[in-house]
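**Student:** only the shape, not the letters, is given here:
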């Protein structure tokens, strides 16, 4: 049974609230899933030679796959043994932040238009003469529902972002994610691919800035924590 972390430093001031210890093996498996799944989907779309509506979707899937590799680098640097520095103690948390914002968010943004294009693809679904084109209607929105439990994951305190930014900022970021994903999907449905690229571009840039800030903030918090609550030497 692990002991609770100290809440007050040697200077009498409150210590930073760091994320809890996590199982690196679980996140390493997550890296493999996020790397292979979007990557293979992107390669299949390129193989089929689909229309321009798939363009930004392929880019999002490739970003998700590539970000998983970067997240794996952070997770692999995790260490709490002798000789560990401030960066290595935050490697797992930093990797989870990269996965959450630069792998999962682009994937969630890519899935709804991907499903719509696959459902209506004339290349994949050759229509017989006289066949009636049946619209899927509101059911096309079902893949987009996945963004809601992701927001719950973030806002309920499961995500790493919860420990990096304040609660109002966390809400603003997640509502921004929802708004930008919705805007990109609506633009895709309307064939406004220029607007879709704009929404996706803003989303990716915001996520990259948040990850950059979050990784540095985690390291700063760990540095402050170690300075005010030095780890006990190994016996």
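**Tutor:** Here it is on my side, so go on. No experiment lies behind these values; they were computed from the predicted model shown. Residues are numbered from 1 along each chain as shown.
**Student:** could you pull out the helices in this structure for me?
**Tutor:** Along the chain, counting by DSSP state H, helices occupy 24-48, 55-76, 86-89, 91-98, 105-120, 147-155, 167-189, 193-228.
**Student:** what is the shortest one packed up against?
**Tutor:** It stands for helix 86-89. If contacts are counted by 3 or more Cβ pairs under 8 Å, 6 or more residues apart in numbering; DSSP states H and E, helix 86-89 sits against helix 193-228. The way it works is simple: take the backbone N, C-alpha and C, and place the C-beta from them, glycine included.
**Student:** packing partners for the helix it packs on?
**Tutor:** So helix 193-228, by 3+ Cβ pairs under 8 Å, 6+ apart, packs with helix 55-76, helix 86-89, helix 91-98, helix 105-120, helix 167-189.
**Student:** kindly reformat these as a markdown table and extend each row with mean pLDDT, mean neighbour count and distance to residue 10.
**Tutor:** Output for the helices and strands packed on helix 193-228, formatted as a markdown table (pLDDT from 0 to 100; neighbours: other Cβ atoms under 10 Å; distance: least, Cβ to Cβ, whole Å):
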| stretch | mean pLDDT | mean neighbour count | distance to residue 10 |
| --- | --- | --- | --- |
| helix 55-76 | 88 | 21 | 29 |
| helix 86-89 | 82 | 18 | 17 |
| helix 91-98 | 92 | 26 | 24 |
| helix 105-120 | 81 | 22 | 39 |
| helix 167-189 | 92 | 17 | 28 |
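**Student:** returning to what we had before: residue 7 is nearest to which of the helices of the chain?
**Tutor:** The closest of the helices of the chain to residue 7 is helix 193-228. By Cβ to Cβ, the value is 10.7 Å.
**Student:** give me the neighbour count for residue 43.
**Tutor:** Neighbourhood size, residue 43 [other Cβ atoms under 10 Å]: 14.
**Student:** then residue 162?
**Tutor:** By other Cβ under 10 Å, neighbour count at residue 162 equals 17.
**Student:** give me the contacts around stretch 103-118.
**Tutor:** 34, 37-38, 41, 45, 50-51, 53-54, 56-57, 60-61, 63-65, 67-68, 71, 124, 140-144, 146-147, 150, 177, 180-181, 184-185, 188-189, 196, 200, 203-204, 207 (Cβ atoms under 8 Å, 6 or more residues apart in numbering).
**Student:** now do 7 Å
**Tutor:** 34, 38, 50, 53-54, 57, 60-61, 63-64, 67-68, 71, 124, 140, 143-144, 146-147, 150, 177, 181, 184-185, 188-189, 200, 203-204, 207 (Cβ atoms under 7 Å, 6 or more residues apart in numbering).
**Student:** what of stretch 187-204?
**Tutor:** By Cβ under 7 Å, 6+ apart, stretch 187-204 touches 52-53, 56, 60, 63, 106, 109, 113, 116, 177, 180-181, 183-184.
**Student:** and stretch 16-35, by the same measure?
**Tutor:** So stretch 16-35 is in contact with 64-65, 68-69, 71-72, 75, 78, 92-93, 95-96, 99, 103, 160, 163, 221-222, 224-225, going by Cβ under 7 Å, 6+ apart.
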